[in-house]
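J.: Curious how this folds, go ahead:
(chains A and B)
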There are 2 protein chains.
Amino acid sequence: MFTNFTTPAQFKYLNTAINIPCLSIHANKEVMYKHKKNIEPISKPKFDKNFQHNLDNLFAWRRDVRRFLTNPVNSEILDSLISNACLAPSVGNSQPWRFVWVNEPTRRTAIRANFIQANTEALNEYSGEKAKKYATLKLSGLDQAPVHLAVFADVTTEIGHGLGKKTMPETIAYSVVGAINNIWLTARAQGVGLGWVSILEPMSVNTILDVPKDWLLIAYLCIGYPEEEHLDPELERHDWQQRISTKNVTIQR
Amino acid sequence: MFTNFTTPAQFKYLNTAINIPCLSIHANKEVMYKHKKNIEPISKPKFDKNFQHNLDNLFAWRRDVRRFLTNPVNSEILDSLISNACLAPSVGNSQPWRFVWVNEPTRRTAIRANFIQANTEALNEYSGEKAKKYATLKLSGLDQAPVHLAVFADVTTEIGHGLGKKTMPETIAYSVVGAINNIWLTARAQGVGLGWVSILEPMSVNTILDVPKDWLLIAYLCIGYPEEEHLDPELERHDWQQRISTKNVTIQR
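T.: Predicted coordinates:
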């Protein structure tokens, strides 16, 4: 059913022509900080021990949330998510992230149907106890989350002039993951939860949302206030997969 | 020279068999917090406005650093990078990140040679003014950075039992990008800079570092104290690529 892993060279399809003479889009730094009226981002910051401690806690308490309250999230918070997302690192400063707020009920219904189909097919991959366990897991908050945000990589973008992605074109997609990580942490710091739904057929999502075919779906995000807060991951708490030791993932060369 | 973009379905080669009966690696939460002797990570945190402000500034001041001091970075800081990396979200809690500290001079020399070759080939893609500009850019800190960290995704991992990656197997790689983002922010909060080198032939890096072939190189990281600190990206400062407006990357559906 699944093909075997092959070489990273197969990632190269992501590459596209470079040598672009000029760009039609130019910098507008003000927009980056538009929502932050009361801060001065150009003051060189000092990150003290207290901040570092809180940052550690932010990583520790960031969760993939699937159980949301239906309360709305205000627009200032939503703006802050995009603003900080756009401060993520990107290969060649290509800024390939494309954000789609999904508000129309018919589109949300279609996304939910796509999830149910993909999830049913995924369940069929398991058998015995694991199948029973899988069937009990709550794997998305699509029904409750008040905010849906689809995030794509524009893999054909000319911005950045191809720098840094000749041997590793997949870094275009990775740049967008960095943006999503910023969204996640920015949300959590404001008490807002986020759940990354990957049990979807990516190309169908492009169709449902009527976005260009050369936008690669990176994530479909559910956003809202969480029903409950936890230090342990949902899949650990529900006995699917425990955390492993850092010792098992680090070597010296 | 480059192939065209095709469908996300081609990402599916990343998928591997699931239905794994049991795991040989189990949780050891203590390790996750080993370096943090003075904090209580299980106390539910309150992230106030001051923290949110500083977090915004952390995103704003996180830079891709290519100009390093040669001063060493202490082991407590390096431990904190791995510890927070392992708190990143991962598909199915698969924790596919694999970290390789690259210390041996012969291996570092080979990595540097690989970079020079890949960079020369990349330069050949440009012509005219863009080629002249490219040739002036400093694209890695491999020579000066005291710490080299290669980060891979174990794409054949059985941890997580395949959950969440049937339709989007690339989420295994994306999980590792999240870990790298945590490293980046954790480093910057402690005054340490990081540069992500992608101008390398990934499969050669596996060979140079003698790691399994089914580990997919996600990033080769240079880590150390930066020579200087900036709010604007290096590629913006050196007139390669300006930032674009958030308005140009956000739509409603």
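J.: Residue ranges in the stretch 101-250 of chain A under the pLDDT threshold?
T.: Within the stretch 101-250 of chain A, not a single segment meets pLDDT under 70.
J.: What are the boundaries of the strands in chain A?
T.: A:97-101, A:147-154, A:193-197, A:215-224, A:250-252 (DSSP state E).
J.: Turn those into CSV, including distance to chain B and mean neighbour count.
T.: The C-beta positions use only the backbone N, C-alpha and C, and glycine is treated the same way. Shown next, in CSV, are those (distance: least, C-beta to the nearest C-beta, whole Å; neighbours: other C-beta atoms under 10 Å in any protein chain shown):
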stretch, distance to chain B, mean neighbour count
strand A:97-101, 5, 22
strand A:147-154, 8, 23
strand A:193-197, 7, 26
strand A:215-224, 6, 25
strand A:250-252, 5, 13
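J.: Switch the ones you listed over to CSV; also include distance to A:Ile180.
T.: Output for these, formatted as CSV (distance: least, C-beta to C-beta, whole Å):
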stretch, distance to A:Ile180
strand A:97-101, 8
strand A:147-154, 6
strand A:193-197, 7
strand A:215-224, 5
strand A:250-252, 25
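J.: which stretch among those comes nearest A:Arg107?
T.: Set against A:Arg107 and scored by C-beta to C-beta, the strands of chain A come closest in strand A:147-154, at 8.5 Å.
J.: State the paired neighbours of that closest one in the sheet, together with their directions.
T.: According to DSSP bridges, strand A:147-154 forms sheet pairs with strand A:97-101 (antiparallel), strand A:215-224 (antiparallel).
J.: just how off-centre is that strand within its chain?
T.: Relative to the chain's own centre, strand A:147-154 is displaced by 8 Å; criterion: C-alpha atoms, centre = their mean, to the nearest Å.
J.: Next, the angle strand A:193-197 makes with it.
T.: Going by axes from the mean of the first three to the mean of the last three C-alpha atoms, to 10 degrees, strand A:147-154 is angled at 50 degrees with respect to strand A:193-197.
J.: Residues touching strand A:147-154, excluding its own?
T.: A:72-73, A:78, A:81, A:96-103, A:108, A:111, A:142, A:172-173, A:175-176, A:179-180, A:183, A:205-206, A:209, A:211-212, A:214-224, B:253 (C-beta atoms under 8 Å, 6 or more residues apart in numbering or on different chains).
J.: repeat that for 6 Å
T.: Identification of contacts with strand A:147-154 by C-beta atoms under 6 Å, 6 or more residues apart in numbering or on different chains yields A:73, A:96, A:98-102, A:172-173, A:176, A:180, A:209, A:215-221, A:223-224.
J.: returning to that earlier point: now render the strands paired with strand A:147-154 as TSV, adding distance to A:Tyr134.
T.: Shown next, in TSV, are these (distance: least, C-beta to C-beta, whole Å):
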stretch	distance to A:Tyr134
strand A:97-101	29
strand A:215-224	19
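J.: Looking at the ones you listed, which is nearest to A:Leu235?
T.: Of all the strands paired with strand A:147-154, it is strand A:215-224 that lies closest to A:Leu235, at 16.1 Å by C-beta to C-beta.
J.: list the contacts for the residue lying closest to A:Thr171 once chain neighbours are set aside?
T.: Sequence neighbours aside, A:Val91 is the residue nearest to A:Thr171 in space, at 3.9 Å (criterion: C-beta to C-beta, 6 or more residues apart in numbering or on different chains). Contact analysis of A:Val91 by C-beta under 6 Å, 6+ apart lists A:164-165, A:171, A:175, B:198.
J.: List the residues that contact A:Asn54.
T.: A:Asn54 makes contacts with B:Phe51, as judged by C-beta under 6 Å, 6+ apart.
J.: roughly how far apart are it and A:Asp48?
T.: Counting by C-beta to C-beta, to the nearest Å, the gap from A:Asn54 to A:Asp48 is 10 Å.
J.: repeat for A:Ala187
T.: Per C-beta to C-beta, A:Ala187 is found 24 Å from A:Asp48.
J.: who's more crowded, these two?
T.: The neighbour count for A:Ala187 versus A:Asp48, taken as other C-beta atoms under 10 Å in any protein chain shown, is higher for A:Ala187 (26 against 11).
J.: Report the contact partners of the closest residue to that one other than its chain neighbours.
T.: Using C-beta to C-beta, 6+ apart and skipping the chain neighbours, the partner closest in space to A:Ala187 is A:Leu194 (5.0 Å). By C-beta under 6 Å, 6+ apart, the residues touching A:Leu194 are A:184, A:187, A:221, A:223.
J.: switch to 7 Å and redo it
T.: Contacts were defined as C-beta atoms under 7 Å, 6 or more residues apart in numbering or on different chains; by that measure A:Leu194 touches A:65, A:183-184, A:187, A:221-223.
J.: What's opposite the closest residue to A:Leu221 other than its chain neighbours in the beta bridge?
T.: Distances taken as C-beta to C-beta, 6+ apart place A:Leu149 nearest to A:Leu221, at 4.4 Å, with adjacent residues excluded. Counting by DSSP bridges, A:Leu149 is bridged to A:Trp101, A:Leu221.
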